[in-house]
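Q: Okay, here's the prediction I keep looking at, along with the sequence it came from:
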Amino acid sequence: MAKQKYTILIVDDDPAVQTACATLVEQYENVVFFQEPDYAKAFADVERLRPDLVLLDAYLGDKMCFDAIDMLHDRGLKIPTIVMTGSSDMRIAVHAIKSGAEDFIVKPLDPNQVESAVARALRNFDLRRQMDVLQERLQEEEQNELLGDSESMKQVKHLADIFAQTDDTTILILGESGTGKELMARYVHQRSPRASGPFVSVNCGAIPRELAENELFGYEKGAFTGATEKVKQGRFEMAHRGTILLDEVGELSYEMQVKLLRVLQERTFYRLGGTKEVSVNVRVIAATNRNLEKMIEEGKFREDLYFRLNVGTVFMPPLRERPGDIILLATAFLNEFNKKFGKRIQGFTQEAIDILESYEWKGNVREMRNAIERITLLESGDMITKDSLRFLRVGFSAGGNSGASIGGVAGSSSQKHSQMPPGQHQLSLSQQGANLENVMRDLLQQTLQLAGGNQTQAAKMLGITRAMLKTRLEQYGIEPQTNDDE
């Protein structure tokens, strides 16, 4: 895994100090440094540079180091600072620490001392940023592991692993509600070069439209009635050097889509009521259960924003398409809620397993997790039985064929589909059932055949987007006869 990259700003007019710091910093390939002898110039540009650490001379012209620290705090910039001071200026160093400096080092600089102080300051800063984000989640108990051993989940994880290795590729995660889109975003973040940085999740559908701008980009004092804090950082600033997930991005207003597009293009924005441009270094992951291509046709979503978001696409398969993962997930949730409720339920009877595997799970993994929580809370025995699952409405289908079929004849692609009414289909199963992945593969292959290999037409016939169809074809290892959709 690549190392987290850092930016260090050195503010000192002593050439010997600049040389010593530069020589030290150049030893580390994951550090970029800027040196500026002039205090005014350095801090006029600090919001654009967004350094992760500032090394300050104790005396900055007619200013003192703690004046600079106060200025950073007034701008809402939680940047750690290390003060460089002479041995006779210890009172200034103490004053700087009380003002919020991370540390101080004594001139003439000792390379080992500088290296230790810098490493400690950056490590502490990373920890504080992560704690700021985690504090918002102390009220919630989340299942953060992306579980699944089915072939479809293996392919999805493989694709996510590829995207994760890039530092800033924008990713769009598609899928029905409850399929684990946020878990996938965390999966990508944790395997990326930004893993040590913050992960900030924003539910765009839960933010009132009139509050979306200051929630995402922050505000400054006086921006609106009640804006009493001098500077309030938004979610993008909280995610600096990390990843931001824009969940349900399709719920953003058209006006906010314009502002988001600019951030994606420039990586800069203005706080609400602010006059200075703020720069951020974030990876953006967007997620939605909506058909963005249809929204574009309806004039509800910007096409240029869609193209910016849809660089790397991951489609989360619904639970009904990964039946092999059902018991794996149910067992994981049972273990989780056993611990939460102090229970010792050992597992599921075969009848209970049959019910779980037969249930449709329209709410996907989220619905299953809620169901297992309820069952674990109410169950008094050692095993979960069919009686524990009475609240689930399970329908069973029977058929007389020896295999699965779409169109009426098992494994046949010669069925006269035109004899069926528009929009109708037939599905027959053997008494032993059928592998869902084989059924889906057969559906896709027959639809492509009906469409003459035209993927755009096949997608319309299935009621999905061209991008979704392409993802499904890759997922099931289907190579169409032609990719020419013109």
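A: Everything's here; your move. Numbering: from 1, shown residues only.

Q: so where is this protein shaky, pLDDT-wise?
A: 1-4, 22-29, 87-88, 129-145, 222-230, 393-433, 481-486 (pLDDT under 70).

Q: per-domain residue ranges of it.
A: 6-135, 151-315, 319-389, 405-475 (automatic domain parsing).

Q: What is the subsequent helix or strand relative to the longest helix anywhere in the chain?
A: As assigned by DSSP state H, the longest helix anywhere in the chain is helix 111-134. The helix or strand immediately downstream of helix 111-134 is helix 151-164, counting by DSSP states H and E.

Q: How far away from the center of its chain is that next one?
A: 15 Å (Cα atoms, centre = their mean, to the nearest Å).

Q: Repeat that for stretch 440-452.
A: 33 Å.

Q: Start at 525, not 1
A: I'll keep to 525 as the first residue from here, and by that count the last item is stretch 964-976.

Q: Give the buried residues for it.
A: M964, R965, D966, L967, L968, Q969, Q970, T971, L972, L974, A975 (16 or more other Cβ atoms under 10 Å). Backbone N, C-alpha and C define where each C-beta goes, glycine included.

Q: Repeat that for stretch 708-726.
A: For stretch 708-726, using 16+ other Cβ under 10 Å, the buried residues are 708-713, 715-726.

Q: so where do the helices sit in the stretch 725-874 of the chain?
A: For the stretch 725-874 of the chain, the helices defined by DSSP state H, counting those that start in this stretch occupy 736-741, 759-762, 778-790, 816-821, 827-833, 850-865, 874-882.

Q: out of these, nearest to T980?
A: Nearest to T980 among the helices of the stretch 725-874 of the chain is helix 816-821 (11.1 Å), distances taken as Cβ to Cβ.

Q: Give the other helices and strands that that closest one contacts.
A: helix 827-833 (3 or more Cβ pairs under 8 Å, 6 or more residues apart in numbering; DSSP states H and E).

Q: Pull the distance from the helix it packs on to the chain's centre.
A: Distance, centroid of helix 827-833 to centroid of chain: 17 Å (Cα atoms, centre = their mean).

Q: what sits up against it?
A: 694, 696, 773, 781, 784-785, 788-789, 808, 810, 816-817, 820 (Cβ atoms under 8 Å, 6 or more residues apart in numbering).

Q: Can you dump the C-alpha atoms of it in CSV for me?
A: Provided in CSV are the C-alpha atoms of helix 827-833 (Å, rounded to 0.1, in the frame of the first residue of the first chain):
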residue,chain,number,x,y,z
GLU,A,827,-25.0,15.0,-17.6
ASP,A,828,-21.6,16.6,-17.1
LEU,A,829,-21.7,15.8,-13.3
TYR,A,830,-22.7,12.2,-14.2
PHE,A,831,-19.6,11.8,-16.4
ARG,A,832,-17.4,13.3,-13.7
LEU,A,833,-18.8,10.8,-11.1
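
Q: So for that helix, what gets flagged as buried?
A: Going by 16+ other Cβ under 10 Å, helix 827-833 has these buried residues: L829, Y830, R832, L833.

Q: Next, give me the two most distant ones among those residues.
A: Top of the distance list for those (Cβ to Cβ): Y830 and R832, 7.3 Å.

Q: List the contacts of R990.
A: By Cβ under 8 Å, 6+ apart, the neighbours of R990 are E817, Q979, T980, A983, D1009.

Q: Can you report how many residues neighbour the third one?
A: Taking other Cβ atoms under 10 Å as the criterion, the count of residues near T980 is 14.

Q: same deal with the fourth one?
A: With neighbours defined by other Cβ under 10 Å, the count for A983 comes to 21.

Q: who's in contact with the helix or strand hosting it?
A: Assigned by DSSP H and E, A983 belongs to helix 979-986. By Cβ under 8 Å, 6+ apart, the residues outside helix 979-986 that reach it are 967-968, 971-972, 974-975, 989-990, 992-994, 997, 1004, 1007, 1009.

Q: go on, stretch 776-789?
A: So stretch 776-789 is contacted by 694, 728, 733, 736-737, 740-741, 760, 770, 792-793, 804, 808, 824-826, 828-829, 832-833 (Cβ under 8 Å, 6+ apart).

Q: Would you indicate which residues of that stretch are buried?
A: For stretch 776-789, burial by neighbour count (16+ other Cβ under 10 Å) applies to L776, M780, Q781, K783, L784, L785, V787, L788.

Q: ok, now stretch 699-709?
A: G699, E700, G702, T703, G704, K705, E706, L707, M708, A709.

Q: Tabulate those residues (CSV), appending secondary structure and distance to T605.
A: Putting the buried residues of stretch 699-709 into CSV (DSSP: H, G, I helix; E, B strand; the rest coil; distance: Cβ to Cβ, whole Å) gives the following:
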residue, secondary structure, distance to T605
G699, coil, 44
E700, coil, 48
G702, coil, 45
T703, coil, 44
G704, coil, 41
K705, helix, 39
E706, helix, 35
L707, helix, 37
M708, helix, 37
A709, helix, 33
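
Q: quick one: which of those residues is nearest A645?
A: Using Cβ to Cβ, these come closest to A645 at A709, 29.1 Å.

Q: Tell me who's in contact with that closest one.
A: I695, I697, F723, S725, T767, L769, D771, I809, A811.

Q: dump the residue contacts of the first one.
A: It stands for I695. Applying Cβ under 8 Å, 6+ apart to I695 gives the contacts F687, A709, V712, R807, V808, I809, A810, V835, G836, T837, V838.

Q: Drop anything exposed from those.
A: F687, A709, V712, R807, V808, I809, A810, G836, T837, V838.

Q: Farthest pair within those residues?
A: R807 and T837 (15.1 Å).

Q: hmm, back to that, for Q542, which of the helices of the stretch 725-874 of the chain is the nearest?
A: helix 759-762 (29.0 Å).

Q: would you put the C-alpha positions of the closest one in PDB?
A: Output in PDB follows, covering the C-alpha atoms of helix 759-762 (Å, rounded to 0.1, in the frame of the first residue of the first chain):
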ATOM      1  CA  ARG A 759     -17.800  17.800   5.300                       C
ATOM      2  CA  PHE A 760     -15.400  18.300   2.400                       C
ATOM      3  CA  GLU A 761     -12.800  20.000   4.700                       C
ATOM      4  CA  MET A 762     -13.300  17.300   7.300                       C
END
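
Q: just to revisit the earlier point, as JSON lines, the buried residues of stretch 776-789 with distance to D536 would be great.
A: Formatted as JSON lines, these follow (distance: Cβ to Cβ, whole Å):
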{"residue": "L776", "distance to D536": "44"}
{"residue": "M780", "distance to D536": "42"}
{"residue": "Q781", "distance to D536": "44"}
{"residue": "K783", "distance to D536": "38"}
{"residue": "L784", "distance to D536": "39"}
{"residue": "L785", "distance to D536": "40"}
{"residue": "V787", "distance to D536": "33"}
{"residue": "L788", "distance to D536": "36"}
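
Q: Which one of these is nearest to L853?
A: Closest to L853, out of all of these and judged by Cβ to Cβ, is L776, at 30.8 Å.
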